[in-house]
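**Student:** Quick one, what's the 3D model for this:
(one chain, ligands or ions: 1)
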Amino acid sequence: MGLGLAARSTLIAPSATLAMGAEARRLKAKGIEVLDFALGEPDFDTPANVQEAAFKAIRGGQTHYTPPAGIAELRDAVAMLYTRQHGLPTESSQVVISNGAKHSIHNALMAVCGPGDEVIIPAPYWVSYSDLVKLTGATPIVIPTTEAEGFKLSPERFLAAVNPRSKLLMINSPSNPTGVVYSRDEIIALADAVLTTNVGVLSDEIYEQLTYGSVQPTCFAALRPELADRTITISGVSKTYAMTGWRIGWAVGPVPVAKFMGDLQSQETSNPCSVSQWAALEAITGPQDSVAFMKAEFTKRRRFVLDKIEKLPGIECLAPGGAFYAFMNVRSTFGSTLSGRTINNSTDFCLAALAEANVALVMGSAFGAEGYARMSFATNMQTLEKGFAALERFLSST
Ligand SMILES: Cc1ncc(COP(=O)(O)O)c(C=O)c1O
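**Tutor:** All right, here's what the predicted structure looks like:
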């Protein structure tokens, strides 16, 4: 008899984006050229000044345990970032550095949610949210939003979901997978609705620096003075500085929440990687020209992708205001046959696109939104060009 798994093991499924990435890698290992748009990971190298800071940290002996909540220099720098740039007065004691924003979200949920609590999640939502909520014993309450609503949660829909068990609202603007960014008026209206309840907020702002044209992100906790006490803000360096592998994210929240998160880390993971913390410090305090460069590249790719999608037969897409995803409405293909495969849902569509066109996308169902396929355009132009040529052929096939 093997070792029995805890009941908890049934609560989570492997991340669908990572699973699609793994399938794409499996095909690549067989020598097949896969046009990979599954992963939300900038293709750029980590900026040279950040790399240099890491080498310097290693050579300077910064290779030991650090305080569990992160080195004082980085916590101070994050506190300064929120105080000066986001208009949210922040003390270092409110900041916890973790092994990526995903880890920060897990720890934040562990700090405030438990059995009997409900967490309101507007869909489409980032793949990990509902499983991370379930791990705490709380119940995710998914509120579907439609393309016609701009994939945004209105104050009315939020208030209709609130009951005495409601503990937290999770919001993500700019959003993965839709790229949607709430306007200032929309997010203030939602914030004011939140303030009429006892519900707290986890605001995942990991794509805050990646917005297009005149679109502006907002720091939710800074919108009203009363929000700081009930909001946990999540961000990190992965997306802005092409540092996905370094695993540095953070949470900014009320001191007791931050203290618990630090204590949790002290028992579970100790500190985030010492060298990565010094690199992240350089990323956020050093020159920002690489951020401007990457943003300009993403802007070009976004334009290219939107122009190409417009020409794809039957496919539509709401223009993303931020992040680097196109959330394509593929519903018109349902009930049809593409390359000999019957397409009845977004999983069929994505599996057929991968097998027949070698294009890796992620099915909308993984984000709580059937009828869509997510394309990440954090990949180079050449791959995008080949990808759209392959998709055009695939969509014209029967
Ligand atoms: C919305 C959202 N939040 C959090 C994360 C996690 O980022 P990190 O690499 O810092 O764990 C991602 C990564 O895909 C994301 O899209």
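
**Student:** Just list the residues touching whatever residue of the stretch 1-150 of the chain ends up closest to the ligand, thanks.
**Tutor:** Evaluated by CB to the nearest ligand atom, the stretch 1-150 of the chain has G100 as its residue closest to the ligand, separated by 2.8 Å. Every residue, glycine included, has its C-beta placed from N, CA and C. Counting by CB atoms under 8 Å, 6 or more residues apart in numbering, G100 touches G236, S238, R247, I248, G249.

**Student:** Help me confirm that the second one is found in a helix?
**Tutor:** Right, the one you point to is S238. No: under DSSP: H, G, I helix; E, B strand; the rest coil, S238 falls outside any helix and is assigned coil.

**Student:** ok, now how distant is it from A57?
**Tutor:** S238 is 18 Å from A57, where distance means CB to CB, to the nearest Å.

**Student:** Quick one: name the residues of the stretch 201-350 of the chain near the ligand.
**Tutor:** D204, I206, G236, S238, T244, G249 (CB under 6 Å from any ligand atom).

**Student:** redo that, cut-off 5 Å
**Tutor:** Within the stretch 201-350 of the chain, the positions adjacent to the ligand are D204, I206, G236, S238, G249 by CB under 5 Å from any ligand atom.

**Student:** In the sheet, which residues pair with I143? Tell me.
**Tutor:** For I143, the beta-bridge partners are P122 (DSSP bridges).

**Student:** cool, and V362?
**Tutor:** Residues in beta-bridge contact with V362 (DSSP bridges): R374.

**Student:** How is this structure partitioned into domains?
**Tutor:** 7-45+290-396, 48-285 (automatic domain parsing).

**Student:** Quick one: distance of the shortest one to the chain centre.
**Tutor:** Using CA atoms, centre = their mean, to the nearest Å, the mean C-alpha position of domain 7-45+290-396 is found 16 Å from that of the whole chain.

**Student:** Kindly report the same for the longest one.
**Tutor:** When C-alpha coordinates are averaged (CA atoms, centre = their mean), domain 48-285 and its chain have centres 10 Å apart.

**Student:** Show me the helices in the protein, by range?
**Tutor:** 16-29, 48-59, 72-84, 101-112, 128-135, 155-161, 184-195, 255-268, 274-285, 289-311, 346-357, 381-396 (DSSP state H).

**Student:** Can I get the fourth one as CSV, trimmed to CA atoms?
**Tutor:** Read that as helix 101-112. The C-alpha coordinates for helix 101-112 follow below in CSV (Å, rounded to 0.1, in the frame of the first residue of the first chain):
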residue,chain,number,x,y,z
ALA,A,101,4.1,37.2,-6.5
LYS,A,102,2.5,33.8,-6.6
HIS,A,103,4.0,33.0,-3.2
SER,A,104,3.0,36.4,-1.9
ILE,A,105,-0.6,35.7,-2.9
HIS,A,106,-0.5,32.3,-1.2
ASN,A,107,0.9,33.7,2.0
ALA,A,108,-1.6,36.6,1.9
LEU,A,109,-4.5,34.2,1.5
MET,A,110,-3.1,32.0,4.3
ALA,A,111,-3.0,35.1,6.5
VAL,A,112,-6.6,36.2,6.2
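
**Student:** Okay, angle between it and helix 255-268 too, please.
**Tutor:** Using axes from the mean of the first three to the mean of the last three CA atoms, to 10 degrees, the direction of helix 101-112 lies 110 degrees away from that of helix 255-268.

**Student:** pLDDT averaged over helix 101-112 - what is it?
**Tutor:** For helix 101-112, mean pLDDT is 98.

**Student:** Remind me what it packs against, helices and strands.
**Tutor:** Here helix 101-112 is seen to pack against strand 95-98, helix 128-135, strand 166-172, strand 200-204, strand 231-236, strand 249-252, helix 255-268 when contacts are counted using 3 or more CB pairs under 8 Å, 6 or more residues apart in numbering; DSSP states H and E.

**Student:** Redo those as TSV? Include mean pLDDT.
**Tutor:** TSV is the format used below for those (pLDDT from 0 to 100):
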stretch	mean pLDDT
strand 95-98	98
helix 128-135	95
strand 166-172	98
strand 200-204	98
strand 231-236	98
strand 249-252	98
helix 255-268	98
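
**Student:** Nearest to I343, out of the ones you listed?
**Tutor:** helix 128-135 (25.4 Å; CB to CB).

**Student:** now, among the residues of the stretch 201-350 of the chain next to the ligand, which is nearest to D229?
**Tutor:** D204 (18.6 Å).

**Student:** Report the beta-bridge partners for the closest one.
**Tutor:** N172, I234.

**Student:** which non-adjacent residue is nearest I206?
**Tutor:** A101 (4.9 Å; CB to CB, 6 or more residues apart in numbering).

**Student:** wait, which of the helices and strands packed on helix 101-112 is closest to A355?
**Tutor:** helix 128-135 (26.0 Å).
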